[in-house]
Structures are given as structure tokens and as C-alpha cells.
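J.: prediction below, plus the sequence it came from.
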Amino acid sequence: MSNSNAAIVEIAQTASKFTSSIVLHSENKYIDVKSILGLFTTLVSSHSYELHVHGPDAEEAKKAITEVFQKHGLHISVAS
């Protein structure tokens, strides 16, 4: 799990480039993807996450965040 910190930082930095609301849903918890602290306390590679994105640049944000998750071997599905 030594690369998890790098994953968290990259996910938060990527998310902060977008104006859309970007939220992860996991086990009845909602995490603001732009919050590094929120990600630190919840992001574990064994879990799967659902991505909820709402806003003007939602499509680009979904694509960018999904790519970062996959790059770091994290499971994510995008809510429609």
C-alpha cells in the first residue's frame, strides 16, 4: 500500500482541476474527491467505489478520475 499516498494526492489534484462536484460513494459513505483528508480515511484498494459527478465539466472529470483510479489499481464504477 506504499503507493496509496501517491494515488490519493493524484486523485485529489486531478479532481481539483474541475468545477463539477465529484463524490465517491462507498459503504454508505460519501467522500468529496477534492478532499485529501477524506480520501486518506476511506480509500482502500480492496473496496470498490462509485463515482458521482455533477457539473458543467462532468464528462471530462469522469474520464480523468477513472483513469487515475485505474492507473493505481483501484476499482471504480461511474454512476450514470
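T.: Okay, I see it.

J.: tell me how far the host helix or strand of residue 8 is from the chain's mean position?
T.: Element membership for residue 8 (DSSP states H and E) is helix 4-15. What separates the centre of helix 4-15 from the centre of its chain is 8 Å, taken as Cα atoms, centre = their mean, to the nearest Å.

J.: list of residues touching that helix?
T.: 22, 33-36, 39-40, 43, 45, 61, 64-65, 68-69, 71-72, 74 (Cβ atoms under 8 Å, 6 or more residues apart in numbering). Every C-beta, even on glycine, is put in place using the N, C-alpha and C of the backbone.

J.: out of those residues, which are buried?
T.: By neighbour count, with 16 or more other Cβ atoms under 10 Å, the contacts of helix 4-15 hold 22, 33-36, 39, 43, 61, 64-65, 68-69, 72, 74 as buried.

J.: now render the residues you listed as CSV, adding distance to residue 16.
T.: What follows is the buried ones among the contacts of helix 4-15, written out as CSV (distance: Cβ to Cβ, whole Å):
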residue, distance to residue 16
22, 9
33, 9
34, 5
35, 10
36, 10
39, 12
43, 16
61, 10
64, 11
65, 11
68, 12
69, 16
72, 17
74, 18
